[in-house]
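>>> How does the following fold in three dimensions:
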Amino acid sequence: MKKIISANDAPQAIGPYSQATQANGFLFISGQLGVTPQGEFAGTDVGSQAKRSLQNLEAILTEAGLGFESVVKTTIFLADMADFAAVNKIYADYFKQPYPARSTVAVKTLPKGGLVEIEAIAAMKR
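Numbering: from 1, shown residues only. All right, here's what the predicted structure looks like:
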């Protein structure tokens with residue numbers, strides 16, 4: 001059985017998918033671009049987009065009754081791997097030890113021309 005999670009403080013899906021799906025004790029959060037709930041980029045630089053992406057994750061986690069401490073895995077997609085250090089610095093403002101597992105990959109392009117997209121998997125509280 002699965003449950004769809006949707007937060008008003010994060011942008012709505014721009015395609016046929018959900019912001020997040022809760023199933024089998026986990027919350028699977030779709031990739032979050034650095035856009036506001038109104039669908040506009042938070043800024044033109046990777047720092048402002050990374051921060052907004054993490055704020056979107058936070059809004060979805062909160063809607064599910066969770067926080068960043070529940071996240072067990074993240075994946076970061078970057079339009080340019082040269083932005084790794086800048087995104088890493090902002091990421092460290094949101095995640096504390098023990099850190100979740102993580103992958104970071106560079107991709108050719110992101111939706112809407114974004115610079116960063118972050119997805120997450122969180123463990124539901126028992």
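>>> May I see the buried residues of stretch 21-31?
Using 16 or more other Cβ atoms under 10 Å as the test for burial, stretch 21-31 gives Gln22, Leu27, Phe28, Ile29, Ser30, Gly31. (C-beta placed from N, C-alpha, C; glycine too.)
>>> pLDDT wise, what is the second one at?
Read that as Leu27. Here the pLDDT value assigned to Leu27 is 98.
>>> surely it meets Glu63?
No: the pair Leu27 / Glu63 is not scored as a contact, 9.6 Å apart, by Cβ atoms under 8 Å.
>>> Find residues that contact each of those two.
Ile5, Ala20 (Cβ atoms under 8 Å, 6 or more residues apart in numbering).
>>> now the longest helix anywhere in the chain: how far from the chain's centre is it?
As assigned by DSSP state H, the longest helix anywhere in the chain is helix 46-63. The gap between where helix 46-63 is centred and where its chain is centred comes out at 6 Å by Cα atoms, centre = their mean, to the nearest Å.
>>> Show me which positions of it end up buried.
Neighbour counts over helix 46-63 (16+ other Cβ under 10 Å) mark 46-61, 63 as buried.
>>> and what of stretch 119-126?
The neighbour-count criterion (16+ other Cβ under 10 Å) identifies Glu119, Ala120, Ile121, Ala122 as the buried residues of stretch 119-126.
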